[in-house]
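1. With the input below, show me the fold.
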Amino acid sequence: MAQAHRQAVASGWLKSYKKAMELDSWGQREEAKESYDKLAEAMVGEMAEASSAQWSKRETKNVQSMIMCVRLRAKEIGKGGDESITLSNIRTLATVMENLFKADKKFPLDLSTLSEEDLAMGMKDMVVREREPQTVADEELQGDDEMPTTPVASGSFAGTSSHSSPAKTPVRSAVKGRQVVLTIDKMGFKDDKLRDSFVDPIITIYVVSGGNIIGAQKDTCVASERKNQHIFWTGPGATVTLSQNLEQILPGSAIFFEFRHYKKQKAKISVKCWGFIEREDLKEGRHAVELYKKPTDLRRKRLSLLTVKPLYLHLDCEIKAP
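-> Have a look, this model is predicted:
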């Protein structure tokens, strides 16, 4: 009976989670926030009724971590940001939600990189009978099937990431400088059928220095239109401000762009192609960014051109004074 009840509860959570994620993907931020908040409240309520005999330690910790992510995503939507938990993180965690109480695996995102404020907010009111509430900083549990963890805002499981180096902890700096604002316009594919096959296509943007990702990764909104071989991004969600000011991006660094889409069959985010702008080439105005075949090479050594110039990633760069 306990297992049947857990599966019924998890099924309801999954349905609510997918609804919230869908609203989030469509840019219906108010409705998405409300859905995330309701889901977190329901999960907290169920956790308060769960005993240690019903849930394993790993299951309890995974549910706590999911609640934290759902709450923090709602918080980000509320303040119009995309820092602590991104939409890309939420898509990645759909597989975790689908397998709650089925596969007793380690949570794939490393939430210990969050700020103390976010940790406290995420853990609020979490009570489990017969066991003290755990935090994401607790000692890792042993004996379960392991999955490598990735810092939040990385957007994918470490085990399936195309990166040749792990993501780094998001950088929060008080240094004032010029902001780099990038607005994605369009990119193209020769094959219209291939272009139309991508589900929820986004561009993920981040800074790389010395072969490592520096700071938080930022996602655009889902593409809004497809025509004439191109995929287009429009609206406020097409504009991203880098985590680092221009002065913090060191010579030899580069801004990376990954075209990502959701694969329903595998329930994961996949990278189709990627490109970059070197720090020395980062100037205000229009840019046409060459696109390369996956996997993404953070050291920019293995470059295999995917397409021709008219189908490159086209974007505008604005550098704002402090």
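
2. Let me see the ranges of the helices in this structure.
-> Assigned by DSSP state H, the chain shows helices spanning 2-25, 29-48, 57-79, 87-92, 94-98, 116-123, 192-197.

3. Now tabulate those helices in JSON lines and tack on mean neighbour count, distance to I231 and mean pLDDT.
-> All C-beta spots, glycine's among them, are computed from the backbone N, C-alpha and C. What follows is these, written out as JSON lines (neighbours: other Cβ atoms under 10 Å; distance: least, Cβ to Cβ, whole Å; pLDDT from 0 to 100):
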{"stretch": "helix 2-25", "mean neighbour count": "16", "distance to I231": "15", "mean pLDDT": "86"}
{"stretch": "helix 29-48", "mean neighbour count": "18", "distance to I231": "22", "mean pLDDT": "88"}
{"stretch": "helix 57-79", "mean neighbour count": "22", "distance to I231": "24", "mean pLDDT": "87"}
{"stretch": "helix 87-92", "mean neighbour count": "23", "distance to I231": "17", "mean pLDDT": "86"}
{"stretch": "helix 94-98", "mean neighbour count": "19", "distance to I231": "22", "mean pLDDT": "87"}
{"stretch": "helix 116-123", "mean neighbour count": "16", "distance to I231": "33", "mean pLDDT": "72"}
{"stretch": "helix 192-197", "mean neighbour count": "12", "distance to I231": "6", "mean pLDDT": "80"}
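
4. Would you reformat those as JSON lines and include distance to A216?
-> Conversion of these to JSON lines gives the following (distance: least, Cβ to Cβ, whole Å):
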{"stretch": "helix 2-25", "distance to A216": "18"}
{"stretch": "helix 29-48", "distance to A216": "19"}
{"stretch": "helix 57-79", "distance to A216": "11"}
{"stretch": "helix 87-92", "distance to A216": "11"}
{"stretch": "helix 94-98", "distance to A216": "21"}
{"stretch": "helix 116-123", "distance to A216": "13"}
{"stretch": "helix 192-197", "distance to A216": "29"}
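
5. which regions of this protein lie under the pLDDT threshold?
-> 1-2, 48-54, 104-106, 112-113, 116, 125-176 (pLDDT under 70).

6. list the contacts for Y312?
-> Shown in contact with Y312 (Cβ atoms under 8 Å, 6 or more residues apart in numbering): M187, G188, G275, A288, V289, E290, L291.

7. same thing but 10 Å
-> Y312 makes contact with K186, M187, G188, G275, H287, A288, V289, E290, L291, L305, L306 under the criterion Cβ atoms under 10 Å, 6 or more residues apart in numbering.

8. any idea how far H230 is from the nearest residue to it once chain neighbours are set aside?
-> Closest residue in space to Y312, ignoring its immediate chain neighbours: A288 at 4.4 Å, by Cβ to Cβ, 6 or more residues apart in numbering. Distance check for A288 against H230: by Cβ to Cβ, to the nearest Å, it reads 13 Å.

9. more neighbours, those two?
-> H230 (18 against 15; other Cβ atoms under 10 Å).

10. F189 against P310, yeah?
-> No: F189 lies out of contact with P310 (Cβ atoms under 10 Å); the separation is 11.2 Å.

11. quick one on the thing from earlier: type out the PyMOL command that picks the buried ones from the contacts of Y312.
-> Command for PyMOL that selects the buried part of those, burial taken from 16 or more other Cβ atoms under 10 Å:
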select buried, resi 186+187+188+275+287+289+290+291+306
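
12. State the pair within the contacts of Y312 that is farthest apart.
-> Spatial extent of the contacts of Y312 (Cβ to Cβ) is set by the pair K186 and L305 at 18.2 Å.

13. I'd like the contacts of Y312 laid out as JSON lines, including distance to Q3.
-> Output for these, formatted as JSON lines (distance: Cβ to Cβ, whole Å):
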{"residue": "K186", "distance to Q3": "49"}
{"residue": "M187", "distance to Q3": "47"}
{"residue": "G188", "distance to Q3": "50"}
{"residue": "G275", "distance to Q3": "48"}
{"residue": "H287", "distance to Q3": "54"}
{"residue": "A288", "distance to Q3": "55"}
{"residue": "V289", "distance to Q3": "50"}
{"residue": "E290", "distance to Q3": "52"}
{"residue": "L291", "distance to Q3": "48"}
{"residue": "L305", "distance to Q3": "52"}
{"residue": "L306", "distance to Q3": "47"}
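
14. Inside strands: which ones of the contacts of Y312?
-> K186, M187, G188, G275, H287, A288, V289 (DSSP state E).

15. What sits closest to the fifth one if chain neighbours are left out?
-> Closest residue to H287 in three dimensions, ignoring its sequence neighbours and counting by Cβ to Cβ, 6+ apart: L315, at 5.4 Å.
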